[in-house]
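[1] Need coordinates for the following:
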Amino acid sequence: AGSLLLAVHFYAWPRAAPLIPSTALGVLLLILSSLLAYAGIRRSLRNASLFLSLCLTVSVFWCGYGVVFILGGQGVLNDTGDFRNALVPGLVTFTLALLIIAAVGFLCREVILAMIASALSLATAHEVALHYSTAFGSSAVACNYMIVCLVGGYFALGRVLYFLTKEKIALPGTDLAKHKTREQIQSSSGSVNHFAVTGLILNMLSASVFGCRLLGVTGKLFIGQVPWLWAAGSYQIGICILSYRAMDVLTATFFGFTSILKFAGGYCLLYPVWQPEAPSFPTPFLVVFSILFAVLALFITLKSPVDGLYFLVYVAYCIALACCPKGFFEGGPQGVAVAIFVASALMTLIHLYNVKASAKIPTGKGAVKALLARSSFLKLREGTDLHAPYLGYSKYADAEVLGYACSVLASFAITMTGDPQAPLATVVIPWVMVAGGILKLLGGSVAFARGKTLESSAFILYAVMWIIWGLTRYGGLYGAARSFHAAVGIIAFMLFNGFIVFCTLFLNIAWFFYSLTFWLIAVSFLLDAIHALPAGYDIAATLIFGLVSFYCFLSALFNSIFEGSCLPMGRPIVQLSGVGGGTTKCLHLPARKASSVKRIADILKNGGTCGIPTDTVYVLVAACNRPDAVEKAHHSKRQAQDRPMSLWISNLKQLEPAKHLFAPLLWDFMEAAWPSPISLVVPRGEWVDFLGMKDSAKYVGTPQSIAIRIPDCSVTTHLIDLVGPIVVTSANPTGEADTTHHNQVYAKLGDKVDAVLCDGPSPENIASTVVDCTKIDSGNIGFFRVGIIPKSQVKFILILFLLP
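    Predicted coordinates for the structure are as follows:
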């Protein structure tokens, strides 16, 4: 669809008035770019790396391209020269990037995707030539886009037939499934970040803007190139999030860092709209930024020396920016930008080819690992649970490394006081807003997804503070009356932070000092707002907070790469029973892994009690044939007499030997009702002995009856198959609300539970329906509790299937 629009546009190029208005074309391209991004990310779940890279590359291309068209339609780009200077950096980048994707596609025999990429690459190349020489007619550009339309239409038809025929018919070249087996094997053997290729292409895009100016390809740096930089920055933040989803902490942190530079570059190009001179750069910030890049390069070298060398190019870039007062506008940084463009192109080729091809381009992976294997001091963390959080599992790797790094960057950025008469003249807002604000919010969101409630609350609170204060102080928003309103807001933040400081007493020493030193930052904000800031206090406060944040950054990096505690975060300052304790006693295992279910089964067989997910809420279970475990579960719950423990089985075959002891009608009703969230209270009898309960029987049910159920949950029934019948009670102290998340099990029961099988939020927030079947022989049933299954449905089962 996008190529068809562009084909029409370029066929009508010679006309005086465009067939499709520039603004309308830009808006349509933005809509299509978002759809392409969605398609690529959705497909990434199936490890189709080439399709993902093509979709995201074209998406960011059309996003920046569309905004440039909108600027042209609104008269921001005044003449043909402006339009050319705005478009060419992006066109050059995507010509090369799409050519790399096409080459890898042909080499790996994904011909259809390679043809689309090559046609798009030719289209952008012809458009670059068109802007410099009218001898290259626009028809050549349009023809290439028509090729994309035809091949894309064929590909779309193939995919439609593939789904409509339930994978029976696949046109040649449209079956993505046949190429994914090797990639899935590779992904299972080691974490593969399929999003890294797009991140590298985004680095090419931003470097192209400044490199083209140095090489004379474009005549100037101006607002027309901002769409490329900010589109690259926005997509880079998305790639950062997706890299955390791919469990790649170091690459995600790197892309977070590079997104800051892209937004800063766009800010610098936008600033001359208000002021004629170029803005100046805070040197301390850029020096610190280069140190963070260098540390990151050192750690990535442990996994891939080639990636480490690539990261070092950004160290040189930050140093070049620090040495030049006008930053991006001077030749030094622009020269390094050319190096970044070339290095990024090479890394794109290496990463994309190594993911797709069986023969690899050597990158030094494993070399440093082999050296460290001889060391007794440093040992790399490895294994499938490398990024597993303590409480269960998460879809994201830990983002604390990026969160602490952003604190370092934001704190050193505000060491520059700036000119009160021209607050925007010093480039501080991008560093504080993007690093201290947006990326810190990202870190807080990921921390929350990993079950770190306190850390996520702190990150989000500090991010909001950096954003508000950064805009207020460095955006010229103070105004004449600034003291009272600003002071009230800062005091409110200080009260919230006081609560966080108190909570960190129970977390660890590093977090206590981290939150406490941020209080010093908030005090400096308050004193500045009321015109009472002592000379040098704000510099001292930011330096202290920055150094504490830097230690936390190093500690998080070490702990994510190496086993042990090379740089420990420390123990809790205040240790209370049930608060921050028991971390080594209660296992939290992800339910999605068969090995976890087997481990829980072993714990139950050995007399342990475990919290497990079900088809309703979380429950506490013990093996029937372990009276000691059943007694432990009974006492850990402070079980009330009116809430007796129940019995669960995985199928009726476990009761088959005692079938003759059940009334025929009751047996038929159990067959019809289960598996389901329906517990049936049946008369107690000799059948209990067939389950091997022995001395534990006195803790289950009442002297007259027992509640029994087959849950409608594959994880639970598989566990019962491994262990045998289990005794069940709700995973909460008697009288409290039901437990609906694995994090709540340990929070409510503490060290009284030996392990928790984690499956996130419960599928339901309501417990099972408990039906009284003690008088079912007379055709009557009662209800002790109406849960998720209503009375009418239970009675319908009885009437429809069992009664004549």
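[2] Give me the next element, helix or strand, following the lowest-mean-pLDDT helix or strand in the chain.
    Scoring the helices and strands of the chain by mean pLDDT, DSSP states H and E places helix 180-189 at the bottom, with a mean of 44. Using DSSP states H and E, the helix or strand that follows helix 180-189 in sequence is helix 196-214.
[3] and the nearest residue to Thr251 once chain neighbours are set aside, how far is that from Thr258?
    What sits nearest to Thr251 in space, not counting adjacent residues and going by CB to CB, 6 or more residues apart in numbering, is Ser243, at 5.0 Å. Just so you know, the C-beta spots here come from the backbone N, C-alpha and C atoms, and that holds for glycine as well. Shown here: Ser243 relative to Thr258, a distance of 12 Å by CB to CB, to the nearest Å.
[4] Equivalent analysis for Val287, please.
    On the measure of CB to CB, Val287 and Thr258 end up 17 Å apart.
[5] of the two, who's got more company?
    Each of Val287 and Thr258 had its neighbours counted (other CB atoms under 10 Å), and the higher figure belongs to Thr258 (26 against 15).
[6] Verify the stated contact: Ser524 with Ala541.
    Yes - with contact taken as CB atoms under 8 Å, Ser524 and Ala541 are classed as touching, separated by 4.6 Å.
[7] burial of Leu680, as a residue count?
    The number of residues near Leu680, taken as other CB under 10 Å, comes to 25.
[8] Now it: which helix or strand?
    Once you assign secondary structure using DSSP H and E, Leu680 falls within strand 678-683.
[9] contacts for that strand?
    Outside strand 678-683, the residues within contact range by CB atoms under 8 Å, 6 or more residues apart in numbering are 646, 662, 666, 669-670, 673, 701, 704-709, 768-774, 784, 789, 794.
[10] Which parts of the stretch 1-150 of the chain are helices?
    Assignment of helices within the stretch 1-150 of the chain using DSSP state H, counting those that start in this stretch yields the ranges 2-11, 22-44, 49-73, 80-107, 111-132, 138-164.
[11] try the stretch 701-804 of the chain
    For the stretch 701-804 of the chain, the helices identified by DSSP H, counting those that start in this stretch occupy 714-723, 742-749, 791-801, in order along the chain.
[12] Next: the stretch 551-700 of the chain.
    594-605, 627-636, 664-673.
[13] what's the closest of the ones you listed to Glu110?
    With CB to CB, the closest approach to Glu110 among the helices of the stretch 551-700 of the chain belongs to helix 594-605: 33.3 Å.
[14] in that closest one, what's buried?
    Residues Ser596, Val597, Arg599, Ile600, Ala601, Ile603, Leu604 are the ones in helix 594-605 that count as buried (16 or more other CB atoms under 10 Å).
[15] Quick check: Asp307 touching Asn354?
    No - with contact defined as CB under 8 Å, Asp307 does not count as touching Asn354 (11.5 Å).
[16] anything in contact with each of the two?
    Listed contacts common to Asp307 and Asn354 are Thr363; contacts here mean CB under 8 Å, 6+ apart.
[17] Specify which residue of these two has the higher count of neighbours.
    Taking neighbours as other CB under 10 Å, Asp307 and Asn354 compare with Asp307 leading, 24 against 18.
[18] which strands and helices sit next to the helix or strand containing the more buried one?
    Taking DSSP H and E as the definition, one finds Asp307 inside helix 305-323. Applying 3 or more CB pairs under 8 Å, 6 or more residues apart in numbering; DSSP states H and E, one finds that helix 305-323 makes contact with helix 249-270, helix 283-301, helix 331-356.
[19] hmm, back to that, residues touching the residue nearest to Thr251, list them.
    For Ser243, the contacting residues are Asn193, Phe195, Ala196, Gly199, Thr251, Ala252, Phe255, taking CB under 8 Å, 6+ apart as the criterion.
[20] re earlier: out of the helices of the stretch 551-700 of the chain, which comes closest to Leu30?
    Ranking the helices of the stretch 551-700 of the chain by proximity to Leu30 (CB to CB) places helix 594-605 first, at 44.2 Å.
[21] Contact partners for the nearest residue to Gly238 once chain neighbours are set aside?
    Across the structure, with CB to CB, 6+ apart as the measure, the residue nearest Gly238 apart from its sequence neighbours is Ala37 (7.7 Å). For Ala37, the set of contacting residues under the criterion of CB under 8 Å, 6+ apart consists of Cys55, Leu56, Ser59, Val60, Tyr235, Gly238.
[22] Lys694 versus the residue nearest to the fifth one when sequence neighbours are not counted, what's the distance?
    Read that as Tyr235. Counting by CB to CB, 6+ apart, Tyr235 lies nearest to Val60, which is 4.8 Å off, once chain neighbours are set aside. When CB to CB is the yardstick, Val60 and Lys694 sit 67 Å from each other.
[23] In terms of neighbours, single out the busier of these two.
    Neighbours per residue (other CB under 10 Å) separate Val60 from Lys694, with Val60 holding more: 29 against 14.
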